[in-house]
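S.K.: Sequence plus the predicted model coming up.
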Amino acid sequence: MSKDIKSSVIRKASFSPDGDMTITFVNGKTYIYEGVSRSVFDGLLSADSAGRYFNLNINGRYPAAMVR
């Protein structure tokens, strides 16, 4: 599942059944975050501020690897 996000920080996010979340930022960099729950992904999609939600609930809390 992939969704475009209206944010000044995040362009797109996708979620795989095995718990990997891929986030593409507006600067063009893409990261995969491992072990993310579906509720965290849904929270990102429904947040008033995706960037703030990312900083509070995702960044630094899950193993991440840059894709490109």
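M.R.: Done, it's in. Residues are numbered from 1 along each chain as shown.

S.K.: gap between the two ends of stretch 33-40?
M.R.: 11 Å (Cα to Cα, to the nearest Å).

S.K.: pLDDT of that stretch, averaged?
M.R.: Across stretch 33-40, the average pLDDT comes to 96.

S.K.: how far does it sit from the chain's center?
M.R.: Between the centre of stretch 33-40 and the centre of its chain there are 9 Å (Cα atoms, centre = their mean, to the nearest Å).

S.K.: So which bits of that stretch are buried?
M.R.: Neighbour counts using 16 or more other Cβ atoms under 10 Å place 33, 36, 40 of stretch 33-40 among the buried residues. To be clear about C-beta, it is placed using only N, CA and C from the backbone, and glycine gets the same treatment.

S.K.: So which of those residues are in helices?
M.R.: Mapping these onto helices (DSSP state H) picks out Val40.

S.K.: Could you provide the buried residues of stretch 33-40 in CSV, with additional columns for distance to Lys6?
M.R.: Shown next, in CSV, are the buried residues of stretch 33-40 (distance: Cβ to Cβ, whole Å):
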residue, distance to Lys6
Tyr33, 20
Val36, 20
Val40, 19
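
S.K.: Geometric centre of this structure: which residue is closest?
M.R.: Nearest residue to the geometric centre of the chain (Cα atoms, centre = their mean): Ile23, 4.1 Å.

S.K.: and it, bridged to which residues?
M.R.: Under DSSP bridges, the beta-bridge partners of Ile23 are Ala13, Tyr31.

S.K.: any idea where the helices of the chain begin and end?
M.R.: Taking DSSP H as the test, the helices found in the chain are 38-46, 50-57.

S.K.: Only the C-alpha atoms, please, for stretch 56-67, written as PDB.
M.R.: In PDB, the C-alpha atoms belonging to stretch 56-67 read as follows (Å, rounded to 0.1, in the frame of the first residue of the first chain):
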ATOM      1  CA  LEU A  56       7.800  11.800  17.400                       C
ATOM      2  CA  ASN A  57       6.900   8.300  16.500                       C
ATOM      3  CA  ILE A  58       9.200   6.900  13.800                       C
ATOM      4  CA  ASN A  59      12.500   8.700  13.500                       C
ATOM      5  CA  GLY A  60      15.100   7.000  15.800                       C
ATOM      6  CA  ARG A  61      12.600   4.300  17.000                       C
ATOM      7  CA  TYR A  62      13.000   1.800  14.200                       C
ATOM      8  CA  PRO A  63      16.000   0.500  12.300                       C
ATOM      9  CA  ALA A  64      16.300   2.400   9.000                       C
ATOM     10  CA  ALA A  65      18.300   2.100   5.800                       C
ATOM     11  CA  MET A  66      18.600   4.600   3.000                       C
ATOM     12  CA  VAL A  67      17.500   3.300  -0.400                       C
END
